[in-house]
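Engineer: no sequence on this one, just coordinates:
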């Protein structure tokens, strides 16, 4: 075990949250402006939480070592 602490990437810490079962939860993109041209259905689906895909999980865990 290394005696050095790892630094958490602060940008990632603000954007992602690790759930109890190990998934990484995130806010979806494209939901902040120019909402008039987006359909109601699309905006409603953007309100739901998104989860990182399996291919991105390894990189995110490196950025969030203590999650």
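Structural biologist: Noted; the coordinates are in hand. Treat the numbers as computed from the prediction; the structure is a model and nothing was measured. Numbering: from 1, shown residues only.
Engineer: mind checking the longest helix of this protein?
Structural biologist: Determined from DSSP state H, the single longest helix within the chain is helix 54-63.
Engineer: please identify the buried residues of that one?
Structural biologist: Along helix 54-63, these residues count as buried under the neighbour rule (16 or more other C-beta atoms under 10 Å): 60, 63. All C-beta spots, glycine's among them, are computed from the backbone N, C-alpha and C.
Engineer: what comes into contact with it?
Structural biologist: 8, 9, 12, 13, 16, 24, 52, 67 (C-beta atoms under 8 Å, 6 or more residues apart in numbering).
Engineer: recalculate using a threshold of 10 Å.
Structural biologist: 6-13, 15-16, 18, 22-24, 26, 51-53, 67 (C-beta atoms under 10 Å, 6 or more residues apart in numbering).
Engineer: can you check stretch 11-27 too?
Structural biologist: 9, 46-53, 56-57, 59-64, 66-67.
Engineer: ok, and for it, which residues are buried?
Structural biologist: Neighbour-count burial for stretch 11-27 [16+ other C-beta under 10 Å]: 12, 16, 24, 26.
Engineer: in strands only, show me these.
Structural biologist: Those of the buried residues of stretch 11-27 mapping onto strands are 16, 24, 26, per DSSP state E.
Engineer: if we can go back for a sec, would you turn the buried residues of stretch 11-27 into JSON lines with pLDDT and distance to residue 38?
Structural biologist: Formatted as JSON lines, the buried residues of stretch 11-27 follow (pLDDT from 0 to 100; distance: C-beta to C-beta, whole Å):
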{"residue": "12", "pLDDT": "95", "distance to residue 38": "27"}
{"residue": "16", "pLDDT": "95", "distance to residue 38": "24"}
{"residue": "24", "pLDDT": "96", "distance to residue 38": "25"}
{"residue": "26", "pLDDT": "95", "distance to residue 38": "19"}
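Engineer: quick one, what contacts residue 41?
Structural biologist: Going by C-beta under 10 Å, 6+ apart, the list of residues near residue 41 is empty.
Engineer: just the endpoints, please. Distance across stretch 26-44?
Structural biologist: 16 Å (C-alpha to C-alpha, to the nearest Å).
Engineer: buried sites along that stretch?
Structural biologist: residue 26.
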